[in-house]
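Trainee: quick one: sequence plus predicted model below, questions after.
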Amino acid sequence: MQRSIAMSTLSSTIRWTLVPAAVLYAISLVWSSAEEIDLQLVVRDLAQICDAPLGLGFISSVGYLLWMAAAAIALFAAGSGQIRGPIAWRQFAFCGGGFSLWLCLDDMFLVHDRYLGEATLYITYTVFSVLLLVCFRKPLRRFGGDSFLLSVLLLGSSVLIDALQNYLPFPPTTVQLIEEGFKLLGIAAWLGFWCQYVARASSASLLGETR
């Protein structure tokens, strides 16, 4: 019996983690080779390549980690069946986790700066935030909607400052410091909300409080 469980776990690990990781690794190498990028520059750490000090890009890196954590918590809770209440509870976690993952990838690879443009970014963020607020009003009200609104307010302030930076009566460096401060606080509040949401929705599911 134990051997059967072990084999089942090994098979699942290979199928759902090792195979996707190997495919991603192969795609990144092929893609980089097509772009005539030295493959050693692809696999090595960026700070090592640039010989950069430890603090360079520190706040940005922390932001990635917070986005990743929020995405992992929400997606795992929704996909693993930890949240067993009404389907809207799981759908909300799926949508929030997917949005968090997109924001993480956008920050990491500068998708909006290099490919989409800031206008597309602002529209996407606004539409998605409004959809979350409108479509999932009940779980939001029940499981900490005030924290969600706080995170949206902080992140929205960051986006607004970025959009109006050329019109503000402050030096560009000061504006960027303020903008990034709001952004980091917003991401932290976003992570805090999803931690609270998953914990409370899971507890309500276990207690049978599904209304």
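Mentor: Cool, got the structure. Predicted model only: the values in this text are computed from it and were never measured.
Trainee: avg pLDDT for the top helix by length along the chain?
Mentor: Across the chain, the helix with the greatest residue count (assigned by DSSP state H) is helix 172-206. The average pLDDT for helix 172-206 rounds to 93.
Trainee: would you mind measuring from Phe76 to Ala201?
Mentor: As judged by C-beta to C-beta, to the nearest Å, Phe76 and Ala201 stand 13 Å apart. In short, each C-beta sits where N, CA and C put it, glycine included.
Trainee: compare these two (neighbour count), which wins?
Mentor: Set side by side, Phe76 and Ala201 show more neighbours around Ala201, with 27 against 13, by other C-beta atoms under 10 Å.
Trainee: list the contacts of that one.
Mentor: The contact partners of Ala201, by C-beta atoms under 8 Å, 6 or more residues apart in numbering, come to 77, 83, 85, 89, 93, 139, 143.
Trainee: ok, Phe143 - contacts?
Mentor: Here Phe143 is in contact with 196-197, 200-201, 204 (criterion: C-beta under 8 Å, 6+ apart).
Trainee: report the central residue of this structure.
Mentor: Ser100 (2.7 Å; C-alpha atoms, centre = their mean).
Trainee: residues in contact with the helix or strand in which that one is found?
Mentor: Assigned by DSSP states H and E, Ser100 falls within helix 87-109. Here helix 87-109 makes contact (C-beta under 8 Å, 6+ apart) with 60, 63-64, 67-68, 70-79, 83, 111-112, 121, 128, 131-132, 135-136, 138-140, 190, 194, 197-198, 201, 205.
Trainee: SS state for the closest residue to Cys50 other than its chain neighbours?
Mentor: If the residues on either side of it in the chain are set aside, Cys50 comes closest to Leu56, at 7.9 Å by C-beta to C-beta, 6 or more residues apart in numbering. Following DSSP: H, G, I helix; E, B strand; the rest coil, the label given to Leu56 is coil.
Trainee: Leu56 touches Leu46, doesn't it?
Mentor: No. Applying C-beta atoms under 8 Å, one finds Leu56 not in contact with Leu46, separated by 9.5 Å.
Trainee: hmm, back to that, could you dump the contacts of Ala201 into JSON lines and include pLDDT?
Mentor: JSON lines is the format used below for those (pLDDT from 0 to 100):
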{"residue": "Ala77", "pLDDT": "95"}
{"residue": "Ile83", "pLDDT": "89"}
{"residue": "Gly85", "pLDDT": "82"}
{"residue": "Trp89", "pLDDT": "93"}
{"residue": "Ala93", "pLDDT": "95"}
{"residue": "Pro139", "pLDDT": "91"}
{"residue": "Phe143", "pLDDT": "90"}
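Trainee: can you list the residues you listed in CSV and add distance to Lys183 and secondary structure?
Mentor: CSV is the format used below for these (distance: C-beta to C-beta, whole Å; DSSP: H, G, I helix; E, B strand; the rest coil):
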residue, distance to Lys183, secondary structure
Ala77, 25, helix
Ile83, 28, coil
Gly85, 32, coil
Trp89, 28, helix
Ala93, 23, helix
Pro139, 25, helix
Phe143, 24, coil
